[in-house]
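pasting a predicted model and its sequence here:
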Amino acid sequence: MKTHNKWLTAPLAAGLSAALLSGCGTEQGGPGASGGGVRVGMSDEIHTTDPAAGYDPGSWLLFNNVFQSLMAFPKGGSEPEPEAADKCGFDTGSTVYRCTLRDGLTFSNGNKLTSEDVKFSFERALRIADPSGPAPLLSTLKSIETPDEKTVVFRLKVPDATFPSKIASGAGSIVDHREYPADALRTDGKATGSGPYKLDSFSTTEATFSANPGYRGTAERKSDALTLKLYGGDRSALAKALTDGDIDVAYRGLSAEDISALETSETTDDKGIEIVQGSSAEVQHLVFNMKDPVAGKLGVRKAIAHLVNREALVEDIYKSTATPLYSIVPAGIAGHNTAFYDTYGAPDPAKAKKALRAAGITEKVKLTLWSTPSRYGPSTDEELKAIAGQLNASGLFDADVKSVAFEQYEKDIAAGKYGVYVKGWVPDYPDADNFTTPFFGEGNVLGNHYENATITGSLLPKTAAAADRSATADEYGRLQDLVAEQLPLLPLWQGKQYAVARQDVTGLEWTLDASTVFRFWEIRKG
């Protein structure tokens, strides 16, 4: 499995709170000044409008609103439900998945949507296999049959009970076979889907959407138009847009400092601004290269596990916009436990020293922690410096921090140059499988040379085959216990989702949940 573009961690911007609290901005647009419906601003880019290529949060936001999938995650829910499908389910076992389409499905161009389009969409994504695309999520798919216009039968290579969740994500977007080339990406910046909205225009700075009158599905639109403004990481421009009234919602562009300052500010209400918080399954880990001459030693990794103070990181660096994480599977996802706290407890320098001495290490351990704020946010360097400070304060380590651009960072990890580095993960779908198989399965995305035959040969196949996802708790518990013992990584924190909006905007609470689906149709202004 390739290194996913979903390796992304939240705080990508700063300065919004400063702009609001200092009173800058003229409010000249004012709430609701635009006649184009709700105006949302975010710091992410939309890298593509073609579902066969996009695997980044910005592109998936577009896919989730313009395209339909057979299944979809309901607001606040983690179990997929029929969307373009009238019904879906496994035949005997978990290797044959059958769906029946709704009646009357059409694309935004008026073309009829049939089983042919579903088959075409999945086979196209696999055939193109774009390096930045979702094909790895569909790796268990063996073949697709379409016995009639409304029936789709997926045959899987191995039992995969998570297949419904995978096709409920952006990877399951259905495209019109008449509009998209079968073996190449669409490059005209347009999108033809059957979702609640149609894409009217798209550029590097703005995308506009309007209601798709032919939509047939579960979404009930609260707004018929939406403009998405893209600030490409320019947080000062995002701040100015909100204070000037050019946007109604700031999403995915808020730093920990912004959120903390706004939450405690007495002027926020006066300016007609409110903060909306939602749940999130976004996580960040400290990763250890198992072949590194220093980090490859279990005694060193155990000592680090005994010294890292997550509570201090969350409070001091992330201003309580995240929570400490002691497991591979985050809170709110079935299979969550506290394996790392159960194994290592609260920070304890004495236990760290004991772990090093038991490994025959008596000198200070020289260690470099590697960071890349260009991908994981401006707080990442400060976080790694804080961890280095915690290690050094014990007298057992001589740790420092080095930071490089993301492209170089990924190349160096692949080359095995780093012993300890940070990785963040935004899930594709809210299931424990998406927090374990990508990390510990064959060809895992961590790039840390960790292998465990019990995990890959027994635990992961068994959990993947379990149609009752609640019945996998014991296996996922055992997996996390093994990882806690062997320490190929150390969980650090689980994020929270935030949006800052004008007080006449409602419905945002239904767009911020563990599914990571930002539902345009739930948002209303006025």
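Looks like it arrived, so ask away.

the helices in the stretch 401-526 of the chain, which residues?
For the stretch 401-526 of the chain, the helices defined by DSSP state H, counting those that start in this stretch cover 406-414, 437-440, 453-454, 460-465, 473-486.

is it correct that residue 246 falls within a strand?
No. Residue 246 sits outside any strand when classified using DSSP: H, G, I helix; E, B strand; the rest coil, being coil.

burial of it, as a residue count?
When neighbours are defined as other CB atoms under 10 Å, residue 246 has 19 of them. Just so you know, the C-beta spots here come from the backbone N, C-alpha and C atoms, and that holds for glycine as well.

swap in residue 87?
11.

in three-state terms, label it for me.
Strictly by three-state DSSP, residue 87 counts as strand.

from residue 122, how far off is it?
According to CB to CB, to the nearest Å, residue 87 stands 18 Å off from residue 122.

what of residue 473?
31 Å.

for residue 244, same thing?
Between residue 244 and residue 122 the computed distance is 44 Å (CB to CB).

more neighbours: which of the two?
Counting neighbours by other CB under 10 Å for residue 244 and for residue 122 shows that residue 122 has the greater number, 22 against 17.

wait, that one sits on residue 142?
No. If you go by CB atoms under 8 Å, residue 122 and residue 142 don't touch, sitting 11.2 Å apart.

residue at max distance from the center of this structure?
Residue farthest from the centre of the chain, counting by CA atoms, centre = their mean, is residue 362 at 40.8 Å.

any idea which residue is closest to the centre of this protein?
The chain has residue 426 as the residue nearest its centroid, 2.0 Å off, counting by CA atoms, centre = their mean.

what pLDDT does that one get?
For residue 426, the pLDDT comes out at 86.

residue ranges in the protein under the pLDDT threshold?
For the chain, the stretches with pLDDT under 70 are 1-36, 253-256, 258, 263-271.

could you say which helix or strand holds residue 284?
Using DSSP states H and E, residue 284 maps to strand 283-288.

the stretch 151-300 of the chain: helices as residue ranges?
163-167, 235-243, 256-264, 267-270, 298-307.

hang on, the earlier thing: which stretch among the helices of the stretch 401-526 of the chain is buried most, on average?
Stretch with highest mean neighbour count among these: helix 437-440 (a mean of 23; mean count of other CB atoms under 10 Å).

run the chain-centre distance for that one.
15 Å (CA atoms, centre = their mean, to the nearest Å).

just the CA trace of that helix, in PDB.
The C-alpha coordinates for helix 437-440 follow below in PDB (Å, rounded to 0.1, in the frame of the first residue of the first chain):
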ATOM      1  CA  THR A 437      -4.100  -2.400   8.300                       C
ATOM      2  CA  PRO A 438      -2.400   0.700   6.800                       C
ATOM      3  CA  PHE A 439       0.100   0.800   9.700                       C
ATOM      4  CA  PHE A 440       0.800  -2.900  10.300                       C
END
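
can you show me the strands along the stretch 401-526 of the chain?
420-425, 489-495, 497-502, 505-506, 524-525 (DSSP state E, counting those that start in this stretch).

export those strands to CSV and tack on mean neighbour count and distance to residue 336?
Output for those, formatted as CSV (neighbours: other CB atoms under 10 Å; distance: least, CB to CB, whole Å):
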stretch, mean neighbour count, distance to residue 336
strand 420-425, 24, 15
strand 489-495, 24, 10
strand 497-502, 24, 18
strand 505-506, 19, 31
strand 524-525, 18, 33
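
what would those look like in a markdown table with distance to residue 412?
As requested, these are exported to a markdown table (distance: least, CB to CB, whole Å):
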| stretch | distance to residue 412 |
| --- | --- |
| strand 420-425 | 9 |
| strand 489-495 | 17 |
| strand 497-502 | 30 |
| strand 505-506 | 43 |
| strand 524-525 | 46 |
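
of those, which approaches residue 285 most closely?
strand 489-495 (4.5 Å; CB to CB).

what are the contacting residues of that closest one?
With contacts defined as CB atoms under 8 Å, 6 or more residues apart in numbering, strand 489-495 is touched by 9-10, 280-288, 301, 304-305, 308, 310, 313-314, 318, 321-328, 330-331, 340, 383, 422-423, 439, 446, 448, 450, 483.

try stretch 119-128
51-53, 133-135, 138, 141, 144-146, 152, 154, 171-175, 177, 180, 182-185.

switch to 7 Å and redo it
Residues outside stretch 119-128 that contact it (CB atoms under 7 Å, 6 or more residues apart in numbering) are 51-52, 133-135, 138, 141, 144, 146, 152, 173-175, 177, 180, 182-185.

list only buried entries from the residues you listed.
Buried members of those, scored by 16 or more other CB atoms under 10 Å, are 51-52, 133-135, 138, 141, 144, 146, 152, 173-175, 177, 180, 185.

so which residues of the stretch 151-300 of the chain form strands?
Counting by DSSP E, counting those that start in this stretch, the strands of the stretch 151-300 of the chain are 151-156, 197-202, 206-211, 225-230, 249-251, 273-278, 283-288.

adding distance to residue 367, write the ones you listed out as JSON lines.
Below are the strands of the stretch 151-300 of the chain laid out as JSON lines (distance: least, CB to CB, whole Å):
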{"stretch": "strand 151-156", "distance to residue 367": "43"}
{"stretch": "strand 197-202", "distance to residue 367": "46"}
{"stretch": "strand 206-211", "distance to residue 367": "44"}
{"stretch": "strand 225-230", "distance to residue 367": "39"}
{"stretch": "strand 249-251", "distance to residue 367": "37"}
{"stretch": "strand 273-278", "distance to residue 367": "35"}
{"stretch": "strand 283-288", "distance to residue 367": "10"}
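
out of the ones you listed, which gets nearest to residue 503?
Closest of the strands of the stretch 151-300 of the chain to residue 503 is strand 273-278, at 5.2 Å (criterion: CB to CB).

that closest one packs against which elements?
Under the contact definition 3 or more CB pairs under 7 Å, 6 or more residues apart in numbering; DSSP states H and E, strand 273-278 sits against helix 256-264, strand 497-502.

could you export the ones you listed as CSV, including distance to residue 454?
Below are those laid out as CSV (distance: least, CB to CB, whole Å):
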stretch, distance to residue 454
helix 256-264, 38
strand 497-502, 34
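
all strands of the stretch 1-150 of the chain, in order?
38-42, 71-72, 81-82, 85-90, 96-101, 141-148.

closest one to residue 257 among these?
Across the strands of the stretch 1-150 of the chain, residue 257 has its closest neighbour in strand 38-42 (18.0 Å, CB to CB).

what comes into contact with that closest one?
223, 226-231, 238, 241-242, 246-253, 505, 523, 525.

weed out the non-buried ones from the residues you listed.
Here, 16+ other CB under 10 Å leaves 223, 226-231, 238, 241-242, 246-253, 505, 523, 525 buried among the contacts of strand 38-42.

what about residue 104, neighbour count?
When counting by other CB under 10 Å, one arrives at 9 neighbours for residue 104.

do the same with residue 504
Count around residue 504 with other CB under 10 Å applied: 13.

i'd like the first residue to be 53 from this point on
Noted, 53 is the first residue going forward, which turns the last one into residue 556.

apart from its chain neighbours, what residue comes closest to residue 235?
Computed as CB to CB, 6 or more residues apart in numbering, the closest residue to residue 235 that is not its neighbour in sequence is residue 179, at 5.7 Å.

next up, the contacts around the closest residue to residue 289 other than its chain neighbours.
Spatial nearest neighbour of residue 289, chain neighbours left out: residue 283 (5.0 Å); criterion: CB to CB, 6+ apart. By CB under 7 Å, 6+ apart, the contact set of residue 283 is 93, 95, 289, 290, 305.

how does it look with 8 Å?
By CB under 8 Å, 6+ apart, residue 283 lies in contact with 93, 94, 95, 257, 289, 290, 293, 305.

and it, how far is that from residue 523?
44 Å.

same check on residue 445?
44 Å.

and residue 420, by the same measure?
Distance of residue 420 to residue 523, given as CB to CB: 43 Å.

residue 483 now?
Distance from residue 483 to residue 523, by CB to CB: 13 Å.

cool, residue 402 as well?
40 Å.

now do residue 352
37 Å.
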